[in-house]
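Undergrad: pasting the sequence and the predicted coordinates here, then a few questions.
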Amino acid sequence: MAARLVTGARRRDHITSVLRQLHWLPVKQRIDFKLTVMVYKSLHGFAPLYLSENCQLVTDVGRRYLRSSDVYRCTVPRTQSQIGNRSFMAAGPWLWNSLPIEIRWKDITFEHYGRLLKAYHDFFA
């Protein structure tokens, strides 16, 4: 409704073209975007401790060197239900691991990360 108000689109007009014109994401992609931003902040020390504790890298958990240590992946805990799969503890790391390696690079700045992530979500929207 806000997109229609801003652009003056009618109620019967398709909203997808309006959202693309405004560079806004649909609801599902917006949720995924926000989750992955919270994981980024957790991994880089910009999030509260209670969120950072839920995002652990594979390198921090294991004692041995793994090939997956170089790709900056998070550990995804096992859950017992669909509700558990939707929690930040499981959904955040799972979404993070599903991003391309270029986006979850270790030394990327937050501004550059946000631009890459938005372009990635716009591509799949």
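TA: Thanks, I have the structure now. Numbering: from 1, shown residues only.
Undergrad: and residue 82, how many neighbours?
TA: By other CB atoms under 10 Å, 7 other residues sit near residue 82. C-beta coordinates here come from the backbone N, C-alpha and C atoms, glycine included.
Undergrad: swap in residue 117?
TA: Per other CB under 10 Å, the neighbour tally for residue 117 reads 20.
Undergrad: so how far is whichever strand or helix holds it off the chain centroid?
TA: Element membership of residue 117 [criterion: DSSP states H and E] is helix 110-124. Taking CA atoms, centre = their mean, to the nearest Å, one finds the center of helix 110-124 at 10 Å from the center of the full chain.
Undergrad: make 492 the starting number, not 1.
TA: Will do, 492 is the new start, and the previous item becomes helix 601-615.
Undergrad: list the buried residues of it.
TA: For helix 601-615, the neighbour count (16 or more other CB atoms under 10 Å) marks 604, 607, 608, 611, 612 as buried.
Undergrad: ok, which stretches of the chain are strands?
TA: Assigned by DSSP state E, the chain shows no strands.
Undergrad: below-threshold pLDDT in it: ranges please.
TA: 552-561, 613-616 (pLDDT under 70).
Undergrad: thinking again about what came up before, tell me what the helix holding residue 608 is packed against?
TA: helix 518-534 (3 or more CB pairs under 8 Å, 6 or more residues apart in numbering; DSSP states H and E).
Undergrad: need the CA coordinates for the helix it packs on. CSV is fine.
TA: Only the C-alpha atoms of helix 518-534 are listed here, as CSV (Å, rounded to 0.1, in the frame of the first residue of the first chain):
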residue,chain,number,x,y,z
VAL,A,518,8.2,-9.2,1.6
LYS,A,519,10.0,-12.6,1.4
GLN,A,520,13.2,-11.1,-0.1
ARG,A,521,13.1,-8.3,2.4
ILE,A,522,13.0,-10.8,5.3
ASP,A,523,15.9,-12.7,3.8
PHE,A,524,17.8,-9.5,3.3
LYS,A,525,17.3,-8.4,6.9
LEU,A,526,18.3,-11.9,8.2
THR,A,527,21.5,-11.9,6.3
VAL,A,528,22.3,-8.4,7.4
MET,A,529,21.9,-9.4,11.0
VAL,A,530,24.2,-12.4,10.4
TYR,A,531,26.8,-10.1,8.8
LYS,A,532,26.6,-7.8,11.8
SER,A,533,26.8,-10.7,14.2
LEU,A,534,29.9,-12.1,12.5
